[in-house]
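In: Take this sequence and fold it.
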Amino acid sequence: MIVDPSLAGRIGIPQNSTGKVIALEAGHGPLQPIAPGTYGLATIFDAVGNIVKKDLPIKRFKTDERNYFIFWDGTNRAGRNVAAGGYLLRVIVTYVNEPEKQVRLQTKFLLKRKSGAL
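Out: Got it, this is the predicted structure:
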């Protein structure tokens, strides 16, 4: 799936990027940055628990300090396209108001492919 050009501009990825934008909302407040512009790391697993892609940076939407996103191009660690299906996303973040405590969150999502594209 080609990312909508207006969204690409708002989140700082190149126009006509192919991939999936996964939105996250920080319900307990803003996240503590771990590096300039990066607020945590995400790992994507397949249905049986194998790591598909790891260390995907969690970025913040430019307009809101509680809304973040992960951009995944639909490839595995070897750079090959993955199959359509269900995947598990695990993120590790730290909230600004609780700097001594890391929070692990997991969620499932479905990756759909149409004619070989995301």
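In: so V103 is in which element?
Out: strand 102-111 (DSSP states H and E).
In: scratch that, H28 is what I was asking about
Out: Assigned by DSSP H and E, H28 falls outside every helix and strand.
In: What residues does the nearest residue to it once chain neighbours are set aside make contact with?
Out: Excluding its sequence neighbours, the residue lying closest to H28 (CB to CB, 6 or more residues apart in numbering) is Y95, at 5.1 Å. In this view, the C-beta of every residue, glycine as well, is placed from N, C-alpha and C. Contact analysis of Y95 by CB atoms under 8 Å, 6 or more residues apart in numbering lists 26, 28-32, 101, 103.
In: Would you mind listing the two of these that lie farthest apart?
Out: Largest separation among the contacts of Y95 by CB to CB: P30 and K101, giving 14.6 Å.
In: For those two, indicate the residue with more neighbours.
Out: The neighbour comparison of P30 against K101 (other CB atoms under 10 Å) goes to P30, with 15 against 8.
In: Surely the more buried one touches Y68?
Out: No - taking contacts as CB atoms under 8 Å, P30 lies outside contact range of Y68: 9.3 Å.
In: how near is G19 to E65?
Out: 24 Å (CB to CB, to the nearest Å).
In: what about these two, which has more around it?
Out: The neighbour comparison of G19 against E65 (other CB under 10 Å) goes to G19, with 17 against 14.
In: Looking at that one now. What's its pLDDT?
Out: pLDDT for G19: 72.
In: Spit out the contact partners of Y68.
Out: Going by CB under 8 Å, 6+ apart, Y68 touches 23-26, 31, 39-40, 58-61.
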